[in-house]
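Novice: my questions are about this predicted structure, shown below with the sequence.
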Amino acid sequence: MNNFTSPRFWRHYNSLLSEIRRLVDKNFHLFKANPQHPSLHFERKKPDLW
């Protein structure tokens, strides 16, 4: 799976508290290893957009 981040994403990511960034990083690595992991709760916002 390919991932893309925009400059806007990085601006917001870098503004997070370090504790939150660690949680984001942990969950992103979990997502890369197993996108279907039950602790990852994604929901469709629009029919053609995740």
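Specialist: That came through fine.

Novice: low-confidence stretches in the chain?
Specialist: Low-confidence segments of the chain (pLDDT under 70): 1, 42-45, 48-50.

Novice: buried residues, stretch 24-32. List them.
Specialist: Applying a neighbour-count criterion of 16 or more other C-beta atoms under 10 Å, one finds residue 31 buried in stretch 24-32. Where you see a C-beta, it was placed from the backbone N, CA and C, and this is true even at glycine.

Novice: which residues does it contact?
Specialist: Stretch 24-32 is contacted by residues 1, 3, 13, 16, 37, 39-40 when judged by C-beta atoms under 8 Å, 6 or more residues apart in numbering.

Novice: let's see stretch 18-30 as PDB, backbone CA atoms only.
Specialist: Extracted in PDB, the C-alpha atoms of stretch 18-30 (Å, rounded to 0.1, in the frame of the first residue of the first chain):
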ATOM      1  CA  SER A  18       5.200  14.600  21.500                       C
ATOM      2  CA  GLU A  19       3.100  12.100  23.400                       C
ATOM      3  CA  ILE A  20       0.400  12.300  20.700                       C
ATOM      4  CA  ARG A  21       2.900  12.000  17.900                       C
ATOM      5  CA  ARG A  22       4.200   8.800  19.500                       C
ATOM      6  CA  LEU A  23       0.700   7.400  19.500                       C
ATOM      7  CA  VAL A  24       0.200   8.400  15.900                       C
ATOM      8  CA  ASP A  25       3.400   6.800  14.900                       C
ATOM      9  CA  LYS A  26       2.600   3.600  16.800                       C
ATOM     10  CA  ASN A  27      -0.800   3.300  15.100                       C
ATOM     11  CA  PHE A  28       0.600   4.100  11.700                       C
ATOM     12  CA  HIS A  29       3.100   1.300  12.100                       C
ATOM     13  CA  LEU A  30       0.300  -1.000  13.200                       C
END
